[in-house]
Each structure stands twice: as structure tokens, then as C-alpha cells.
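Student: My questions are about this predicted structure, shown below with the sequence.
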Amino acid sequence: MHGFIRDKLETLLRAGQQKAGLDQPVIEHLSSCSECSSEFEIMKAQAELLQSLRAPEGVELLPGFYARVMQRIEERAKESIWAAFVSPFGTRLAYASLTIAVLLGSYVVARESRDGHLGGQRMIAQNVQYDAPVFGDQEQQRNAVLTNFAAH
């Protein structure tokens, strides 16, 4: 029966003295059982302590309370890695990197167009003999294959 009584102790605490007559079997058990009555007294003391810690109903917050709370939250927030690019140093670093990329890109384009790799100068094999001899030394056959490959 102790389990049943322990389940009812909170209800009895909530009800207080006004509805004590509704739980008469529980009250009778508490008067006869010292273990359950001591547990009930401990729970009653804890409930009174918690009630004494409760804030008064009409608590007024000081002006600017929410603003101070939001300011503290923002101060304690971790900065993201992207915040470095927003700072003056990060902006300068981004511009410097972009300038270096543009300079390197223009150098590569100028160098490759001068070499003929970008189509600035067409390098077509002229005076190519398509009827390369089948017989001959290995160097002639290699040159004939490369000439046919370049022509197509």
C-alpha cells in the first residue's frame, strides 16, 4: 500500500487542508505509518521552501532590460569565419588576392597567345606531303605520322 500512498502524496499537498476530507484513507495511513508520514513532511517542507522563493506577482522590469539582455547575447556570440572578410583587413586581403589573380591571368593569356596556344596565330602545317613513303627509315615514318596528325 506504500506505493499507492506515495502516488497520492502530491495530490494531497496540492489539495491542502481544504480538500483533506476527500483523501481520508490516505490521511489515516499517514497517521499510522511513520515512513510515509516522514516523507510527506519532507515534501511539505520542500513545497513551502519553493513557495517562499517565488517572485512577487507584480514584478516590474527596469527600462532597457531587454536591450541589455540582447547586447549580452550578441557579445557572447561566436563570430563566424566569414567575419574576417568583413573587417578592414579582410577586405584589403580580398582585394589584394583579386588583383594578383587578374595579373596572373593576364600574364598567362598573353604568354599563351604569343606561343599560339590560344588561337592568336594559326599554326598549320604547310607543304605537307600526304603521300608519305611507306618504306623508309624510322625517323621518316615518325615525321610522316606527326605531319598527318597535325594536318587533321
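Tutor: Good, I have the coordinates. Numbering: from 1, shown residues only.
Student: any weak-confidence spans in this structure?
Tutor: Scanning the chain for pLDDT under 70 picks out 1, 16-23, 84-85, 116-136, 152.
Student: Grab the most central residue of it for me.
Tutor: residue 80 (9.7 Å; Cα atoms, centre = their mean).
Student: and that residue, which of the three is it?
Tutor: coil (DSSP: H, G, I helix; E, B strand; the rest coil).
Student: which phi and psi does it have?
Tutor: phi -80, psi 170 (degrees, to the nearest 10).
Student: what residues are up against it?
Tutor: Listed by Cβ atoms under 8 Å, 6 or more residues apart in numbering, residue 80 has no contact partners. Quick note: C-beta positions are derived from backbone N, CA and C, even for glycine.
Student: Domain-wise, how is this protein divided?
Tutor: Following automatic domain parsing, the chain resolves into domains at 2-52, 83-115, 122-152.
Student: Pull the number of nearby residues for the closest residue to residue 44 other than its chain neighbours.
Tutor: Residue nearest to residue 44 in three dimensions, not counting chain neighbours: residue 13, with 6.3 Å by Cβ to Cβ, 6 or more residues apart in numbering. By other Cβ atoms under 10 Å, 14 other residues sit near residue 13.
Student: Any figure for the gap between residue 13 and residue 41?
Tutor: 11 Å (Cβ to Cβ, to the nearest Å).
Student: before we move on, what about residue 87?
Tutor: Taken as Cβ to Cβ, the span from residue 87 to residue 41 is 63 Å.
Student: Residue 148 too?
Tutor: 107 Å.
Student: Among these two, which residue is more densely surrounded?
Tutor: residue 148 (14 against 11).
Student: How about the secondary structure of the more buried one?
Tutor: Three-state assignment for residue 148 (three-state DSSP): helix.
Student: Look up phi and psi at residue 62.
Tutor: Residue torsions, per degrees, to the nearest 10, at residue 62 are phi -70, psi 150.
Student: List the residues that contact the residue nearest to residue 44.
Tutor: Per Cβ under 8 Å, 6+ apart, neighbours of residue 13: 40, 43-44, 47.
Student: Pull out the buried residues from these.
Tutor: residue 40 (16 or more other Cβ atoms under 10 Å).
Student: of the contacts of residue 13, closest to residue 60?
Tutor: Taking Cβ to Cβ as the measure, residue 60 sits nearest to residue 47 out of the contacts of residue 13, at 27.4 Å.
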